[in-house]
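Q: Compute the structure for the input listed below.
(4 chains)
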Number of protein chains: 4
Amino acid sequence: MPETPSFRSDMTVELVKHAASDTDVLLAARVSTLGERSLDEIGKDPERSKGLINYLLRDRHGSPFEHNSMTFFVSAPIFVFREFHRHRVGWSYNEESGRYRQLAPVFYVPDEERRLVQRGRPGKYEFVSGSPEQHALVGKTLEDSYSHSYAAYQELLESGVAREVARAALPVGLYSTMYATCNARSLMHFLGLRTKDERARTPSFPQREIEMVAELMEAEWARLMPLTYEAFNANGRVAP
Amino acid sequence: MPETPSFRSDMTVELVKHAASDTDVLLAARVSTLGERSLDEIGKDPERSKGLINYLLRDRHGSPFEHNSMTFFVSAPIFVFREFHRHRVGWSYNEESGRYRQLAPVFYVPDEERRLVQRGRPGKYEFVSGSPEQHALVGKTLEDSYSHSYAAYQELLESGVAREVARAALPVGLYSTMYATCNARSLMHFLGLRTKDERARTPSFPQREIEMVAELMEAEWARLMPLTYEAFNANGRVAP
Amino acid sequence: MPETPSFRSDMTVELVKHAASDTDVLLAARVSTLGERSLDEIGKDPERSKGLINYLLRDRHGSPFEHNSMTFFVSAPIFVFREFHRHRVGWSYNEESGRYRQLAPVFYVPDEERRLVQRGRPGKYEFVSGSPEQHALVGKTLEDSYSHSYAAYQELLESGVAREVARAALPVGLYSTMYATCNARSLMHFLGLRTKDERARTPSFPQREIEMVAELMEAEWARLMPLTYEAFNANGRVAP
Amino acid sequence: MPETPSFRSDMTVELVKHAASDTDVLLAARVSTLGERSLDEIGKDPERSKGLINYLLRDRHGSPFEHNSMTFFVSAPIFVFREFHRHRVGWSYNEESGRYRQLAPVFYVPDEERRLVQRGRPGKYEFVSGSPEQHALVGKTLEDSYSHSYAAYQELLESGVAREVARAALPVGLYSTMYATCNARSLMHFLGLRTKDERARTPSFPQREIEMVAELMEAEWARLMPLTYEAFNANGRVAP
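A: Got it, this is the predicted structure:
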């Protein structure tokens, strides 16, 4: 176990397993309309496949987008996971446990692209760049505070106090890891709320750090299900 | 579209797609305890893998059993689907629609193994074999009734009445088809309630016809995840 | 148990229990923003209450609409319940069981306002009025078919065959009853898909019979949570 | 906003709203078996009511326990909420947001009854009392660490950095608040995993702090639904 704190500004998302393709959507929809497992003529014609998927999304036929599965390995700060785990439907989680093991001292510090200053009133916040002084202060203050917290954690562990008690000192900027499994429908719901995109029909105000995770997941998904992804964007990035 | 009714006594279950193995369970559990994607020594030792899966099931650590996916194509009578669709959590469905297409005249008639007579009081029913006369009566009465209902359906369709209106005449013994997607945890919950098995910790009283579907699904799952299946049986066939 | 079939064209919806008010939405939202159970100045000013609820719905803050509960007693044909039970999230059901009791011979026949004829192509169906001859045919054909089916059911029951076997002959036009419990968020999702309303942002194509149930539920809900109801209509009748 | 840290060892649970009684369970079960809203003779006879509820729980008829609702206001440390929010089914949450407001400096410190030392191997941990020195060390170390973290938070806020960025320094021992709504079934599932009770059929190993919250919720629920509560204990404290 490393005892020297380290600091990161990025997120980890790895697609570790999947059974997900546009064809799954077409097949499920075909059971509804044909009562058979058949792609018939539509599935063989890319334009018609695209049209069918677009129709399903537009008219909110959501269930055909559930017969698939993607498992991601994610590493991100606890404050990101706190928001992530509020997504209950169509999501499964296994997160690293601070009761079973000593947590490693890896902490989040915003990089220079992170807009640090919040303007406007609740519900309409905008973020603008911080000054160089603010960036320097954030870096130094967080690193100092993290290191101090982790030293307290270590001191308690070394005195024989249980991990689950000692961890109370650890900050929400600490990185944790998890397995997260979802389907295309639950992922679309997540992306619709946790990314800010000009194609979105309704505004969303995600915290930048969860959006960074969402963007990495989105890139993996776009590759697996390109027609569904295109239809999602064309229909206001709202889950069906 | 066939217009002559046909009669069946069996159920169809096909595993059409899956991403499900015992290794997925071990990997998810390892993220909880190690914070890493690693099987370490346990995953390489079959006995320890088996022990870990058994421990997870026994102590009700349910989430490691959710990071997998199985999609089944099922054909069964409507009265079976009516019970099936009451399983809400961890299940996705797309069923053949009687609004979009004319439903085919395929109907359920119990075979000679189906126990026809119910004895005892509510909550403690037992089923015993029917007499040859009862079997003959059930076969003849259902076939006549089904055929009469389907003729009414056809007559209405031919007169130009919408499918969704005409279908009101169709009986719950009509076969329907669906795509059903689940994970090992939701499947265990289903099997625990919809099969009757002497290894079960608590009694269950499934209708035989949904149990027939459940048994076919169980056989597919047992092949995909043998260690989890063994642990499920060893722990009273209760979902974690 | 009546043995003579009767026929209905309407649906029953009774609100049997509820803990649901606009104030619940405001209180839940205030925990998010104030960390306290307090309505503060907003809750005391009707215009600001209205504005806050509208903002929550518009920006898809869904969870404040879940801290409430409505339980309905519903009686409707089985084909309506088949569609109803596909709503899995935020819904609880207890339906009359054909395994535990003999089902009463009450059946659905469309009244004169029900448009019987479907025009157009899949996904764009429109319904137009049936001719007087079609209405007469539907009434007579369904009543005859229902009566025939119920006679088969009775014959099997009288011969000692179990209810769960005999019911296979019963049609999906048979009335069933259930308790259904939901919250405002899950009800909005249901109403958005199961009613056709000119204020809706995206089109929906519900079968008229489930829409009849939905309209009765909507009327009860509108009375309990008038500000939320108004905001739902003002924001395209889409659940947050 | 107070700027001086304060320290607590207890949890807050207030039942703010409910529509929950044993009668709701009986009524829902009666719809299943009678198809009517009627308590009939069973509901009028306390012994038979008790027997019916016990039967439902024992034979895993879970849905009758869902037609009720309880809303709790809870204040507890973030590490407790992290575990709490993993309960996805039948639970609704609204938690105080660190993006919308400055979080108050209230922190958790274990009291003298909290067993601080973990013994045994994973999956079989036992907790034993810490020494007076360990208790003193935990109190002093956590208070110092918390205060240091909060000072960093304040410094960042004062420099104009956004709340959502500055909060990264805050520890998981910080108190948060939430509204949590559940039904008797989802609450039983929670209690079965998050309390340690000698009447439990299968062992559970909750962290003491979430168990403190669970015990307070259990006390409220026991008062609202005494027959269900009794049956829960009599049947191994396992949710149906």
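Q: Next one: the closest residue in space to A:Pro122 that isn't next to it in sequence from D:Tyr93, what distance?
A: Leaving aside its sequence neighbours, A:Pro122 sits nearest to D:Tyr100 (Cβ to Cβ, 6 or more residues apart in numbering or on different chains; 5.7 Å). C-beta coordinates here come from the backbone N, C-alpha and C atoms, glycine included. For D:Tyr100, the distance to D:Tyr93 (Cβ to Cβ, to the nearest Å) stands at 16 Å.
Q: And the two? Which one has more around it.
A: Taking neighbours as other Cβ atoms under 10 Å in any protein chain shown, D:Tyr100 and D:Tyr93 compare with D:Tyr93 leading, 24 against 15.
Q: Could you check stretch A:125-134 against chain C for contacts?
A: No: shown here: stretch A:125-134 not in contact with chain C (Cβ under 8 Å from any Cβ of the partner chain), separated by at least 11.7 Å.
Q: Going by neighbour count, list what's buried in stretch A:222-229.
A: Using 16 or more other Cβ atoms under 10 Å in any protein chain shown as the test for burial, stretch A:222-229 gives A:224-225, A:227-229.
Q: Can you pick out the most distant pair from those residues?
A: Pairwise distances among the buried residues of stretch A:222-229 were taken by Cβ to Cβ; the largest, 10.6 Å, belongs to A:Leu224 and A:Leu227.
Q: looking at this, A:Tyr175 is in a strand?
A: Yes: counting by DSSP: H, G, I helix; E, B strand; the rest coil, A:Tyr175 is part of a strand.
Q: how far away is A:His161 from C:Leu157?
A: Careful, residue A:161 is Val; it's not His. A:Val161 sits 69 Å away from C:Leu157, taking Cβ to Cβ as the criterion.
Q: So which of the two has more stuff around it?
A: Taking other Cβ under 10 Å, A:Val161 and C:Leu157 do not tie; A:Val161 has more neighbours (24 against 16).
Q: Give the closest residue to the more buried one in space, chain neighbours not counted.
A: Closest to A:Val161 by Cβ to Cβ, 6+ apart is D:Leu116, at 5.2 Å.
Q: quick one, phi/psi of that neighbour?
A: In terms of degrees, to the nearest 10, the main-chain angles of D:Leu116 are phi -100, psi -20.
Q: Touching, it and A:Ser159? I think so.
A: No: D:Leu116 lies out of contact with A:Ser159 (Cβ atoms under 8 Å); the separation is 9.2 Å.
Q: after the helix-or-strand element of chain A with minimal mean pLDDT comes which helix or strand?
A: Every helix and strand in chain A was compared by mean pLDDT, DSSP states H and E; the lowest is helix A:40-44, with a mean of 71. Next along the chain after helix A:40-44, taking DSSP states H and E as the criterion, comes helix A:46-58.
Q: Could you check how far that following helix is from the centre of its chain?
A: Centroid separation for helix A:46-58 versus its chain: 26 Å, with Cα atoms, centre = their mean, to the nearest Å.
Q: can you give me the angle the next helix or strand after it makes with strand B:69-77?
A: Moving toward the C-terminus from helix A:46-58, the next helix or strand (DSSP H and E) is strand A:69-77. Interaxial angle, strand A:69-77 versus strand B:69-77 (axes from the mean of the first three to the mean of the last three Cα atoms, to 10 degrees): 140 degrees.
Q: Excluding chain neighbours, what is closest to the closest residue to chain C within chain A?
A: The nearest approach of chain A to chain C comes at A:Val89, 5.3 Å away (Cβ to the nearest Cβ). The shortest distance from A:Val89 to any non-neighbouring residue, by Cβ to Cβ, 6+ apart, is to C:Val89 (5.3 Å).
Q: quick one, what contacts the one you found?
A: A:89, B:88, C:186, C:189 (Cβ atoms under 8 Å, 6 or more residues apart in numbering or on different chains).
Q: likewise A:Val106?
A: Residues in contact with A:Val106 (Cβ under 8 Å, 6+ apart) are A:5-8, A:174-175.
Q: In the residues you listed, which residue is surrounded by the most others?
A: Within these, neighbour counts (other Cβ under 10 Å) peak at A:Leu174, which reaches 25 neighbours.
Q: Give me the angle between the lengthiest helix in chain A and helix D:132-158.
A: Ranked by residue count and defined by DSSP state H, the top helix of chain A is helix A:132-158. Put simply, helix A:132-158 runs at 170 degrees to helix D:132-158, going by the same axes, to 10 degrees.
Q: check whether helix A:132-158 contacts chain D.
A: Yes: for helix A:132-158 and chain D, the contact criterion (Cβ under 8 Å from any Cβ) is met by A:133-134, A:137-138, A:141-142, A:144-146, A:148-149, A:152-153, A:155-156.
Q: chain center to that helix: distance?
A: 25 Å.
Q: Can you name the next helix or strand after it?
A: Where DSSP H and E defines the elements, the next helix or strand beyond helix A:132-158 is helix A:163-166.
Q: And the contacts of that next one?
A: With Cβ under 8 Å, 6+ apart, helix A:163-166 has contacts from A:98-102, A:152-153, A:156-157, D:110, D:114, D:116, D:118, D:138, D:207.
Q: So in terms of bridging, what pairs with A:Met178?
A: A:Val74, A:Glu95 (DSSP bridges).
Q: Can you get me a residue count around it?
A: Around A:Met178 there are 21 other residues, counting by other Cβ under 10 Å.
Q: List the contacts of it.
A: Residues in contact with A:Met178, defined by Cβ under 8 Å, 6+ apart, are A:73-74, A:81, A:93-96, B:31.
Q: Let's have those residues in JSON lines, adding distance to B:Met217 and pLDDT.
A: Listed next are these as JSON lines, based on distance: Cβ to Cβ, whole Å; pLDDT from 0 to 100:
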{"residue": "A:Phe73", "distance to B:Met217": "29", "pLDDT": "97"}
{"residue": "A:Val74", "distance to B:Met217": "31", "pLDDT": "98"}
{"residue": "A:Phe81", "distance to B:Met217": "34", "pLDDT": "98"}
{"residue": "A:Tyr93", "distance to B:Met217": "25", "pLDDT": "98"}
{"residue": "A:Asn94", "distance to B:Met217": "24", "pLDDT": "97"}
{"residue": "A:Glu95", "distance to B:Met217": "30", "pLDDT": "97"}
{"residue": "A:Glu96", "distance to B:Met217": "33", "pLDDT": "96"}
{"residue": "B:Val31", "distance to B:Met217": "28", "pLDDT": "91"}
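Q: What's the separation between the closest residue in space to A:Glu66 that isn't next to it in sequence and B:Glu14?
A: Of all residues not flanking A:Glu66 in the chain, B:Ser92 sits nearest, at 3.5 Å (Cβ to Cβ, 6+ apart). Note on B:Ser92: its distance to B:Glu14, by Cβ to Cβ, is 16 Å.
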